[in-house]
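Chemist: give the three-dimensional model of this entry:
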Amino acid sequence: MTSNLGLIGLGTMGKSLARNIASRGFSLSLWNRTTEKINEFVDEFPDENFYAPQSFEDFVESIERPRRIILMVPAGDPTADLIKKLAS
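Modeler: Modelled structure (predicted):
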């Protein structure tokens with residue numbers, strides 16, 4: 001599957017933003033530290049165009065180029081760590 005966008009972080013704000021974006025017809029690949037949270041969210045909204053990849057590499061590869069990834073994680077070290085992971 002190829003998604004329009006990627007979204008990392010399924011906390012309260014990440015979930016709300018994902019639903020808002022999907023309601024406008026965009027497909028989203030989702031990632032979270034715990035894959036359980038991704039699967040629960042996707043199962044809760046089966047009619048939305050969400051994709052739950054099984055690995056971080058699959059998450060990145062599932063997003064159309066140029067890749068647009070929204071980070072919904074706490075500021076500081078978590079954000080810096082994710083940027084490093086995405087760059088590698």
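
Chemist: where along the chain do the helices fall?
Modeler: Remark: helices assigned in the chain by DSSP state H are 12-22, 35-44, 56-61, 77-87.

Chemist: for Phe41, which non-adjacent residue is closest in space?
Modeler: By the measure of Cβ to Cβ, 6 or more residues apart in numbering, the closest residue to Phe41 outside its immediate chain neighbours is Leu10, 5.5 Å from it. In this view, the C-beta of every residue, glycine as well, is placed from N, C-alpha and C.

Chemist: and Arg68, what is it in contact with?
Modeler: Going by Cβ atoms under 8 Å, 6 or more residues apart in numbering, Arg68 touches Asn4, Leu5, Gly6.

Chemist: quick check: pLDDT value at the first one.
Modeler: pLDDT for Asn4: 98.

Chemist: so it touches Phe50, yeah?
Modeler: No. Between Asn4 and Phe50 no contact is recorded; they are 11.5 Å apart, counting by Cβ atoms under 8 Å.

Chemist: what is the neighbour count of Pro74?
Modeler: As a burial measure, the neighbour count of Pro74 was computed by other Cβ atoms under 10 Å and equals 10.

Chemist: quick revisit: residues that sit against both of Asn4 and Phe50, list them.
Modeler: Shared contacts of Asn4 and Phe50 (Cβ under 8 Å, 6+ apart): Ser27, Leu28.

Chemist: which residue of these two possesses the greater neighbour count?
Modeler: Each of Asn4 and Phe50 has its neighbours counted (other Cβ under 10 Å); Phe50 has more, 23 against 15.
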